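*Asks:* Show me how the following folds:
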Amino acid sequence: MRKLHGRQCQVEVVEPALAREFIKDHHRQGAPRHYKSDISIGLFHQTELVGVAVFGTPRTEAMQRKYTTEIRRMCFGDIRVMGGASKMIRWFISVFKPFDLMTYQHAGGGNTDVYLHAGMTLVSEAKPKRVLVRNGLTAQTATNNRLDWFSIDQASRFGPDTLLGTSLGEVFRDDGARVSNVDLFTEHCDYHLETVPGDHLFAWHNPNFSFYTYRITAPGSDKYYIGRRKIHVTNAAEADCLRDRYFGSGGTKFQNWLANYGGDFGQNLNKEILGIYRTWGEAAEAERVLVSSRHLVDPLCLNSIEGGKGGSGIVRGEDDTAACPVHGLTKHTSGGQCRKCATAKGKSIQACPVHGESVFYGKNCQACALTVSMRSLHCPVHGVTIHIGGICRKCASRKMNSTQDCPKHGTVTFQGDKCLKCQAERTNTMKECPTHGATKHTGNTCRKCAVAKRDTVQECTEHGAVKHRGGRCLTCMNRSKTTTAHCDTHGQTTFHNDECAKCAASQHHSTRVCSVHGTARFIGDTCYKCAVAVSDTVKVCPVHGMAKHRGNSCYKCSNSKGFEVRHCPVHGEAKHKGDKCHKCSLAKSSSMKECRVHGMTSFNGKSCRKCAWQKRSDAKKAV
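*Replies:* Below is the predicted model:
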């Protein structure tokens, strides 16, 4: 294994997608769930990505009461970087200035000194814990969290219906007692319990901040408001807290009271310091005790919610709002720096000699950083394929996939125990989009809007005005994966990713007898005509009247999209797509040539139409 020192590397913010790809390949638990507030950073040696860390809000409610920021994942590739963890943690602290950090480290893993060297403190030693593991595996061989193994917290909170896609619902024993979610896994879902080493808890608190709780009152009113606040002062005294002219944000109840009693800029308010604390967690706990349920039972209390909640964002420091010349009104640090500028520092769009226009962080092309760890190697199953490290990507993706029977969709692809079609139906629904009308939505996002954001029509030197994703022509990208080579079965034909396209298609397509349509083409075990009949209906289209629809899309409207009627010097008034006459395009692909079997006849490209029809006819007779 190669060795590097941390001082030979540099740290930069990286795209979440790049971080997730790296973590999937190098961390036993895989990539964590991504949230918008998460920040991913990468450790680079020259242009090679050698380490990744992801920071975010603590995942559990218990930790959210004590800390604001968690190191969710940290891992390194096939290179040992001495001091790499310390470098990434210290860089994150210096740039984003969090109130605190916490992280877990598995007791059965490597050396725990990496967090101690980074300035963190061991808060609690690991205690053995129990996990659910799929039968046939052990805690050591199970690698995929939320598939091969689950923590007790995950299993008890969500249950197998959510995590595995089952439909068990509530199950009761003979004595009427409800079966717990953990027992459902062991009794109905082919899992067993194992005891494993627990996790060490490490933490760090920013010494440059102090926190205090306060009470706000006003002359002429018996009502009061209790809150907490941070200030950028080390070991603050009461005088420092009073100099902080902050009187609380509160809710509607407090704001209405403030308008009547606060005066201009709060000069009528009295501020009493109730306590000063070294950490954010101590201040949050103190506020929780001070307010508790008082806001519900005491009519004089102006608090709208229970104390100790909220304020767990990842980027910490002074959250003053100021004008940024780039981003407008945004949050700024105590040093006057725009937080959006700090996050985007070093990020730019530059020309890469390999990938064209690409996202750069500093001097590193992100696409190059991803491909450094990729190389073409020979796989005994798939031949020459892309490998990440020493693992074939096709093998890795197919390990989790299998063909099983779903009670709703029949024989379909499963990922673990989850039917992929069932999963897609949960996330994809038909909703009304103000731009595209009734379309598929993923969550609340219209899929057509999402595609339109990333795809634009630009000029390509080779293909003219075509779709581009980012700065890359989609037609060029597709053709780079497609080549022409010799296949033992089909002769000279198209290959896609080193696989004959006709061979790949024939694995899924066959000609069989359907009870409804007779001899027909099948895709897997599904008759193609039956599948089309289910999805196609006749509805009223405002343009074409009664017409075939697939879903809510009229066939005639879909076929006429992008076409307009213009004058062609050859065919007169005819349909055009862009500057190309549709009839001219068809005439180019059709021609009269000499066929060895049928003589002079019509060809479509290089294929004789009569020969093609004869092949289809012979195939039907053979069935």
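
*Asks:* From now on I want contacts and neighbour counts done on CA atoms only, so please keep to that.
*Replies:* Fine.

*Asks:* From I152, how far off is the nearest residue to C189 once chain neighbours are set aside?
*Replies:* Nearest in space to C189, with sequence neighbours left out and distances taken as CA to CA, 6 or more residues apart in numbering, is P160 at 7.7 Å. Distance of P160 to I152, given as CA to CA, to the nearest Å: 12 Å.

*Asks:* Over to N181?
*Replies:* To I152, N181 is 9 Å away according to CA to CA.

*Asks:* Was I right to think A485 contacts H496?
*Replies:* No - counting by CA atoms under 8 Å, A485 does not reach H496; the two are 9.9 Å apart.

*Asks:* In terms of neighbours, single out the busier of those two.
*Replies:* H496 (17 against 14; other CA atoms under 10 Å).

*Asks:* Domain ranges for this protein, per the record?
*Replies:* Segmentation of the chain into domains, based on automatic domain parsing, reads 2-124, 129-196, 207-297, 376-481, 592-622.

*Asks:* out of those domains, nearest to N364?
*Replies:* N364 lies closest, by CA to CA, to one member of these: domain 2-124, at 5.5 Å.

*Asks:* Return the distance of the closest one from the chain's centre.
*Replies:* 18 Å (CA atoms, centre = their mean, to the nearest Å).

*Asks:* Could you do stretch 476-494 as well?
*Replies:* Mean-position distance between stretch 476-494 and its chain equals 33 Å (CA atoms, centre = their mean).

*Asks:* Count the neighbours of the residue nearest to C189 for me.
*Replies:* Per other CA under 10 Å, the neighbour tally for P160 reads 21.

*Asks:* Quick check, it in contact with T186.
*Replies:* No - at 10.3 Å, P160 does not count as touching T186 under the criterion of CA under 8 Å.

*Asks:* Now do the helices in the stretch 201-350 of the chain.
*Replies:* 238-243, 252-261, 280-291, 294-297, 339-343 (DSSP state H, counting those that start in this stretch).

*Asks:* more neighbours, N181 and I152?
*Replies:* N181 (20 against 16).

*Asks:* Could you double-check that that one lies in contact with G159?
*Replies:* Yes - assessed by CA under 8 Å, N181 is found in contact with G159 at 4.9 Å.

*Asks:* So what's the gap between the host helix or strand of T195 and the chain middle?
*Replies:* If you go by DSSP states H and E, T195 is part of strand 191-196. The chain centroid and the centroid of strand 191-196 are separated by 29 Å, computed with CA atoms, centre = their mean.

*Asks:* can you check stretch 352-366 too?
*Replies:* The answer for stretch 352-366 is 22 Å, by CA atoms, centre = their mean.

*Asks:* the inter-axis angle of the longest strand anywhere in the chain versus helix 252-261?
*Replies:* Longest strand in the chain by number of residues (criterion: DSSP state E): strand 221-231. Interaxial angle, strand 221-231 versus helix 252-261 (axes from the mean of the first three to the mean of the last three CA atoms, to 10 degrees): 110 degrees.

*Asks:* Buried by neighbour count: which residues of strand 221-231 qualify?
*Replies:* 223-231 (16 or more other CA atoms under 10 Å).

*Asks:* Only alpha carbons, please: show it as CSV.
*Replies:* Extracted as CSV, the C-alpha positions of strand 221-231 are listed here (Å, rounded to 0.1, in the frame of the first residue of the first chain):
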residue,chain,number,x,y,z
SER,A,221,-45.9,44.3,31.5
ASP,A,222,-45.6,41.2,33.6
LYS,A,223,-44.9,39.0,30.7
TYR,A,224,-41.4,37.6,29.9
TYR,A,225,-39.5,35.7,27.2
ILE,A,226,-36.6,33.2,27.8
GLY,A,227,-34.0,32.4,25.1
ARG,A,228,-30.4,31.3,24.5
ARG,A,229,-27.7,33.0,22.4
LYS,A,230,-24.1,32.5,21.2
ILE,A,231,-21.4,35.2,21.1
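
*Asks:* Quick check: mean pLDDT of it?
*Replies:* Mean pLDDT, strand 221-231: 91.

*Asks:* which helices and strands does that strand pack with?
*Replies:* Here strand 221-231 touches strand 210-218, helix 280-291, going by 3 or more CA pairs under 8 Å, 6 or more residues apart in numbering; DSSP states H and E.

*Asks:* closest to P98 out of the ones you listed?
*Replies:* Of the helices and strands packed on strand 221-231, nearest to P98 by CA to CA is helix 280-291, at 10.4 Å.

*Asks:* Pull the distance from that closest one to the chain's centre.
*Replies:* Offset of helix 280-291 from its chain centre (CA atoms, centre = their mean): 34 Å.
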